[in-house]
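predicted model and sequence below, questions to follow.
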Amino acid sequence: MNRPRIRVSIPVFRECDPSIIYGVFDTLWAAGRQWEHVPGGSADGLFEPRLLAVDTQPLQLITGVHIVPQDTIAGTPSTDIVFVPNVIIGAGQSPRDLDRDLIDWIRRMNQGGAQIYAACGGAIVLAEAALLDGHEATTHFTYAPIFDQYYPKVRLRIERILVQTGPDQSLYCAGGASSWQDLALLLIAKHGGTQEAIRMSKLFLYQWHRDGQLPFVSMIQNVRHGDAVILECQNWIARNYERQSIIAELVQRSGLPKRSFDRRFRAATGYSPLAYVQTLRIEEAKQILETSDATASDIAHQVGYEDEASFRRLFRRMTGMTPSTYRRTLRPPKALLAPFTSPL
């Protein structure tokens, strides 16, 4: 006798973008099903995914796309799994504006034994539900300032793609953008086995993001702190980051004692002066790797490092990759970079 399908509820917020909602739905609907020319599976599949909201009226998402929920939270007193898609919190918006009824429902489901999977900005929803207080989590790296401002009790591991967390380890977070695929494959592996996860990865051409988020993390520069002295220093660094004696010159330009300068710089930017310069240099190195064929030695000198070995060590520590691996991973194939020529 076939076992019942696992109920997966996907709560839809107005702040959601449709790609993850439909991507998760389609992947879980397909998992465990029979597919022509793809061995394995059964007629019914593993999961029963359902979209739900406060009511079933068409809901306009942040991108302008309308979606029609299948179920309501009132009509769903229990579920096996909740898969929280991404929510987009832009400038001038607050996570406090997220639908409180949906957030309260997610908290109740977890208290009732449901596992919660949150993709990308979905971790913000879990934080709003106070499910992550005192625990580790990950999310898209651009949401780090939101967690700093609103959720200081959450230990954010921004370099991680997947984090299992919570007091009973029933919460799962994935990093940014397409890492929802890792989360879906994890869910399939847990309930359908490793071979089924591999079968779905082949069917949908999904790949595990084994290198984490570090290669994709971009520097988030805080320039709204109101400290005019530090802001002037930031502007000067952007024009002179390759200089060898940059830290000493910064202190001199600031007119502050070294210890006071270090304290004010960290308070304003979130970085120590050295970490700020190193991060900016590596960001520039990444850009050069993405857009040119320059050697690692040439790039090291361009961004301010006389010792190529030191540059390589720092690059690997901050991105999780060697420069050559980063170029191969992030740069488009050469065929796409070649100029378009008409066959006529």
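In hand now; what should we look at? The structure displayed is predicted, hence computed values, not measured ones.

would you map out the domains in the chain?
For the chain, automatic domain parsing gives the domain ranges 6-216, 228-330.

state the mean pLDDT of the shortest one.
What that stands for is domain 228-330. Averaging pLDDT along domain 228-330 yields 91.

before we move on, back to that, need the winner for burial among the domains of the chain.
Mean neighbour count, computed with mean count of other Cβ atoms under 10 Å, is highest for domain 6-216 among these, reaching a mean of 19. The way it works is simple: take the backbone N, C-alpha and C, and place the C-beta from them, glycine included.

over to stretch 141-155 now: how far is its first residue from its last?
One end of stretch 141-155 sits 13 Å from the other (Cα to Cα, to the nearest Å).

could I get the average pLDDT for that stretch?
Rounded mean pLDDT across stretch 141-155 is 93.

quick check, His66 in contact with Pro18.
No. Contact status for His66 versus Pro18: not in contact, 9.2 Å apart, counting by Cβ atoms under 8 Å.

for the stretch 51-200 of the chain, just list every one of the strands.
Assigned by DSSP state E, counting those that start in this stretch, the stretch 51-200 of the chain shows strands spanning 59-60, 66-67, 71-72, 81-84, 115-119, 136-137, 155-156, 162-165, 171-174.

gap between the longest one and the chain center?
For strand 115-119, the distance between its averaged C-alpha position and the chain's averaged C-alpha position is 14 Å (Cα atoms, centre = their mean, to the nearest Å).

the second one now?
Its chain's average C-alpha position is 24 Å from that of strand 66-67, according to Cα atoms, centre = their mean.

neighbouring strands - and their directions - for it?
With DSSP bridges as the test, strand 66-67 is paired with strand 59-60 (antiparallel).

list the contacts of the partner strand.
Val12, Arg14, Ala53, His66, Ile67, Val68, Pro69 (Cβ atoms under 8 Å, 6 or more residues apart in numbering).

from Ala189, how far out is Arg199?
Distance from Arg199 to Ala189, counting by Cβ to Cβ, to the nearest Å: 11 Å.

please, which helix or strand holds the closest residue in space to Pro85 that isn't next to it in sequence?
Excluding the flanking residues, the one nearest Pro85 by Cβ to Cβ, 6 or more residues apart in numbering is Ile20, at 4.3 Å. Under the criterion of DSSP states H and E, Ile20 resides in helix 18-30.
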